[in-house]
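J.: Any chance you can model this:
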Amino acid sequence: MRRLSIASRPQLSSSMAYPRRALPFLAASSNPPVPRSPHQCRRDMAVLSRSLRGDESPRKRRRWRRIWNRYVIPDRPTEIVAVEDDEEDTHRHDEYATNSIEESSSHRDGSIYTGLGYFYWKKYLHVADRGETRLEPMMFTDPTPDCGRYIGDCWRHRPTGMLQIFSIQVAKLIPQDAGSAELYGYVATRDNLDPLLNYVVNISRDDPLVVEQGSLVPMTGPKRGIEVGIDCMEITLVEYDMRIKVGQHEKDDLQILDGASMLGNQGSWGWPFKLDTPGDFGTIDLTLSRVRSAVEATVEVAILQVQSSFNLSLVCLTSGFKDEEIVLFDGAIAESRGLKRSVVAVASHSYMDLKFNVAGLPSTPDQHCCSFKAEIHGHVTQHIKTEFALISVKVTWSTLQHTTMA
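T.: Next comes the predicted model:
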């Protein structure tokens, strides 16, 4: 595989604790470029840095050539070379694992609430505010009078970068022969739309979840889609505090996951990766992906006309991620009911597939599938008839709301 590289270029910092520094070759020259706004410059820097790393497709590199010509100092020679890479590009999420936990982000010792004026991300995302996000899903389901359409796309409401969390798994318990454990706590996100907590998991200490090594933690969220901004100054925070209940008092509980991880526009897009967060008493793996140009799908499932009790497993595949299943429901159905609402990020012009595994008690499961193509507005309803019940599936499409944070 060939990628573009610049000889002796400085390392780009990924830390957001301080403002990003300008690259040396963007200094003033005797022949300065046409003035551009700070927002335009930041976007240019993001595109240029991704291109130099080889993250962009050949089609998108046409833009960075224009940016390069706009900014590079004419009298300073700069060499761009093609680097040969013999490593196979398999794009498995194991190759994109990271254990980056932000400094001073612990809930246990309270350090996440200190240095609010020192750490940019703490102030920007209001980490001291423990309220839940005020925004709801399906904000732009209905077209507005000023919507314009071209080749099926809405000019007014555009897809945006989104974060999809596929699974949360108890990868390791220490000691390994501990058997089962009672787990509680939360995993949530904060983003540019609304910095308040958007819970993905929120388990009370009074009603802990019994887990074993390898268990999946059921995800009850997110409440709405999670934005990942394309601007280098926009960040998304994954915040977590999960513990193992061992006694009567919270101070005696064992910490298994604690801190926060920042995600920005830099890094892999469209490929799963892990937040590998080893703790003193175990490890919980979060598998997730940035999805470029995505829309929000809200999935609502109703179980109707139940004939007899049965087991139902509902999993979701989205945006071409064939090996990453999102478990939306797994349990027994005894009567007509609605399942919890689920929100999924779907890449524009791609599909979301739902797989219903239905089985009697006991019986070999039968699988029923339905697919939905990503849209900007509106909703689609499909019905699945089984020998146990009628399953009604409603998928509502929307883009994310864009607001200016105070």
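
J.: What distance do you get for the closest residue to His126 other than its chain neighbours to Glu234?
T.: Leaving aside its sequence neighbours, His126 sits nearest to Pro195 (CB to CB, 6 or more residues apart in numbering; 4.3 Å). The C-beta positions use only the backbone N, C-alpha and C, and glycine is treated the same way. Going from Pro195 to Glu234 by CB to CB, to the nearest Å gives 11 Å.

J.: host element of the closest residue to Ile384 other than its chain neighbours?
T.: Residue nearest to Ile384 in three dimensions, not counting chain neighbours: Ile391, with 4.2 Å by CB to CB, 6+ apart. Using DSSP states H and E, Ile391 sits in strand 390-398.

J.: That strand: partners in the sheet, and parallel or antiparallel?
T.: Using DSSP bridges, strand 390-398 pairs in its sheet with strand 282-304 (antiparallel), strand 379-385 (antiparallel).

J.: Of these, which stretch is the most buried?
T.: When those are scored by mean count of other CB atoms under 10 Å, the highest mean neighbour count falls to strand 282-304 (a mean of 22).

J.: can you list contacts of the very next helix or strand once past that strand?
T.: Beyond strand 282-304 in the direction of the C-terminus, DSSP H and E gives the next helix or strand as strand 310-318. Residues from elsewhere that reach strand 310-318 (CB atoms under 8 Å, 6 or more residues apart in numbering): 164, 291, 297, 299, 301, 303, 324-333, 339, 342, 344-347, 350-361, 363, 365, 388-389.

J.: Turn the strands paired with strand 390-398 into a markdown table, including distance to Ile244 and mean pLDDT.
T.: Below are those laid out as a markdown table (distance: least, CB to CB, whole Å; pLDDT from 0 to 100):
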| stretch | distance to Ile244 | mean pLDDT |
| --- | --- | --- |
| strand 282-304 | 7 | 94 |
| strand 379-385 | 39 | 96 |
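
J.: Relative to Pro159, which of those is closest?
T.: Comparison of the strands paired with strand 390-398 against Pro159 by CB to CB identifies strand 282-304 as nearest, at 4.3 Å.

J.: returning to what we had before: could you report the distance from the residue nearest to His126 to Ser336?
T.: For Pro195, the distance to Ser336 equals 39 Å [CB to CB].

J.: Which segments of this structure make up each domain?
T.: Split into domains by automatic domain parsing, the chain comes to 2-84, 93-294, 295-398.

J.: Quickly, which of the ones you listed bottoms out on average pLDDT?
T.: Among these, domain 2-84 carries the lowest mean pLDDT, at a mean of 44.

J.: Between Pro195 and Ser336, which has more neighbouring residues?
T.: The neighbour count for Pro195 versus Ser336, taken as other CB atoms under 10 Å, is higher for Pro195 (19 against 12).

J.: Which strand or helix spans that one?
T.: Going by DSSP H and E, Pro195 is not in any helix or strand.

J.: Report the secondary structure state of the residue most central in space within the chain.
T.: The residue lying closest to the centre of the chain (CA atoms, centre = their mean) is Leu163, at 2.2 Å. For Leu163, the assignment made with DSSP: H, G, I helix; E, B strand; the rest coil gives strand.

J.: And for the nearest residue to it once chain neighbours are set aside, the neighbour number?
T.: Leaving aside its sequence neighbours, Leu163 sits nearest to Ile226 (CB to CB, 6+ apart; 4.1 Å). Close neighbours of Ile226, defined as other CB under 10 Å, add up to 31.

J.: Settle this for me: the residue nearest to the centre of the chain is touching Glu234, isn't it.
T.: No: using CB atoms under 8 Å, Leu163 makes no contact with Glu234, being 12.0 Å away.

J.: Mutual contacts of the two, please.
T.: Glu227, Val228.

J.: ok, the residue nearest to the centre of the chain - contacts?
T.: So Leu163 contacts Thr189, Asp191, Ile226, Glu227, Val228, Thr236, Leu263, Leu288, Ser289, Arg290, Val291, Ala345 (CB under 8 Å, 6+ apart).

J.: For beta bridges, what are the partners of it?
T.: Ile226, Arg290.

J.: dump the residue contacts of Thr114.
T.: Ser104 are the contacts of Thr114 under CB under 8 Å, 6+ apart.

J.: and it, what are its phi and psi?
T.: Dihedral pair for Thr114: phi -110, psi 160, per degrees, to the nearest 10.

J.: Show me the helices in the chain, by range?
T.: In the chain, the helices defined using DSSP state H lie at 38-52, 61-71, 120-124.

J.: buried sites along the strand holding Ile391?
T.: In terms of neighbour count (16 or more other CB atoms under 10 Å), strand 390-398 has its buried residues at Ile391, Ser392, Val393, Val395, Thr396, Trp397, Ser398.

J.: Repeat that for stretch 116-125.
T.: For stretch 116-125, the neighbour count (16+ other CB under 10 Å) marks Phe119, Tyr120, Trp121, Lys122, Tyr124, Leu125 as buried.
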